[in-house]
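**Student:** starting from these lines, generate the structure:
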Amino acid sequence: MTRTAVVTGASRGIGKAISVRLTEDGWRTINLDISPPADGNDNWIETDLSDPASITDAFEKAREHGPITGLVNNAAIALVDTLEESSIEDFDKTMAINMRAPMLCAQAVLDDMKEARFGRILNLASRAMLGKTHRTAYGASKGGIAAMARVWALELAPHAITVNAIAPGPIATEMFTHANPPDMPRTQEIIGTIPAGRLGMPEDIANAASFFMDERSSFITGQVLYVCGGISLARGGS
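**Tutor:** Here you go, the predicted structure:
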C-alpha cells in the first residue's frame with residue numbers, strides 16, 4: 001500500500017531532499033509551498049503557510065490523493081536581526097510560518113492518521129534553538145516546534161502516531177547562504193566550529209527523516225535528533 005505524506009516547503013533545499021528520499025522509500029509525497037519547484041514536480045500545491053485558509057484549502061486538495069498518514073513540517077523562514085533590531089512584524093511573521101502553520105498542518109492530518117491507526121509527524125527544528133546570535137525569533141520558533149513535537153508525541157501515542165523532530169546544524173541551502181553570506185567572517189567562523197569539518201547537505205537531513213518516517217520506527221517518538229556535524233557539542237580541551 002502506498003502511503004501519502006505532505007512535506008511543507010519542498011520546492012527546494014532540505015524539503016526537496018526529504019521529498020525525494022521519501023518518494024524513493026515508497027511514499028507518495030505532496031509539496032505545499034508558496035513557490036513552484038524548479039523541476040516542475042506535479043505534486044506541488046501552491047500554499048501560503050502564513051494564511052490559515054490557504055492551508056485548509058491545500059489539505060483539501062492533497063486529500064484527493066487519498067488519506068494523509070505522513071507529515072513533515074519543514075517550511076520556515078529565518079529573519080536575521082539582533083535583539084535591538086528585531087521588530088514585532090518580523091517576530092509575528094516568523095511565528096506564523098514556523099510555529100502556527102505546523103500546528104495547523106498537524107491538525108489537518110489527525111483524522112486520517114487516527115482512522116488508519118498509523119501516522120508519522122516530523123518537525124524540523126534547528127540547532128539554533130540552543131543559542132545563536134541574530135536569531136531571536138527564529139531560535140524561539142525552532143525551540144517551540146521541538147517542544148510541540150514532544151507534547152504531540154504524548155497525546156498521539158495511543159493512536160499509533162509518532163512525532164519526532166530533527167534539529168539540523170549548518171546545512172548548505174539557499175536559506176543558510178542568505179543568512180550567512182560566504183564572504184562574511186561570521187560564516188567562516190561557523191564552518192570552522194563544525195567538528196565534522198564541513199557544512200551539512202540537505203541529503204544528510206533527508207536520511208534522518210527517512211528513518212523517523214519508516215514504518216519500523218514505531219517505538220521512537222518524542223525525540224529530537226541533532227544532525228549537525230557535532231556542532232551542538234562542546235569541544236574538549238583544558
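
**Student:** what lies in contact with the lowest-mean-pLDDT helix or strand in the chain?
**Tutor:** Each helix and strand of the chain was given a mean pLDDT (mean pLDDT, DSSP states H and E); the minimum falls on helix 174-179 at a mean of 75. Contact with helix 174-179 is made by 12, 13, 76, 78, 80, 134, 170, 199, as judged by Cβ atoms under 8 Å, 6 or more residues apart in numbering. For every residue, glycine as well, the C-beta is placed using N, CA and C.

**Student:** of these, just say which sits nearest to residue 205.
**Tutor:** The shortest gap between residue 205 and any of those belongs to residue 13, at 9.2 Å (Cβ to Cβ).

**Student:** that closest one - nearest residue in space that isn't next to it in sequence?
**Tutor:** Excluding the flanking residues, the one nearest residue 13 by Cβ to Cβ, 6 or more residues apart in numbering is residue 173, at 3.9 Å.

**Student:** how many residues are close by the one you found?
**Tutor:** When neighbours are defined as other Cβ atoms under 10 Å, residue 173 has 21 of them.

**Student:** same deal with the one 3 residues further on?
**Tutor:** Residue crowding around residue 176 was assessed by other Cβ under 10 Å; the count is 21.

**Student:** and residue 205, by the same measure?
**Tutor:** For residue 205, the neighbour count with other Cβ under 10 Å is 26.

**Student:** and the contacts of the helix or strand that contains it?
**Tutor:** Assignment of secondary structure by DSSP states H and E places residue 205 within helix 202-213. Contacts to helix 202-213, defined as Cβ under 8 Å, 6+ apart, come from residues 5, 13-14, 16-18, 20-22, 25, 27, 70, 72, 120, 122, 124, 162, 164, 166, 168, 171-173, 217, 220, 225, 227.

**Student:** following element in sequence after it, please.
**Tutor:** Going down the chain from helix 202-213, the next helix or strand is strand 224-227, by DSSP H and E.

**Student:** average pLDDT across that following strand?
**Tutor:** Rounded to a whole number, the mean pLDDT of strand 224-227 is 98.

**Student:** using PDB, list the CA coordinates for the least confident helix or strand of the chain.
**Tutor:** C-alpha atoms of helix 174-179 as PDB (Å, rounded to 0.1, in the frame of the first residue of the first chain):
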ATOM      1  CA  GLU A 174      19.800  28.900   0.000                       C
ATOM      2  CA  MET A 175      18.400  29.900   3.400                       C
ATOM      3  CA  PHE A 176      21.700  29.400   5.100                       C
ATOM      4  CA  THR A 177      23.500  31.300   2.400                       C
ATOM      5  CA  HIS A 178      21.100  34.200   2.700                       C
ATOM      6  CA  ALA A 179      21.500  34.400   6.400                       C
END
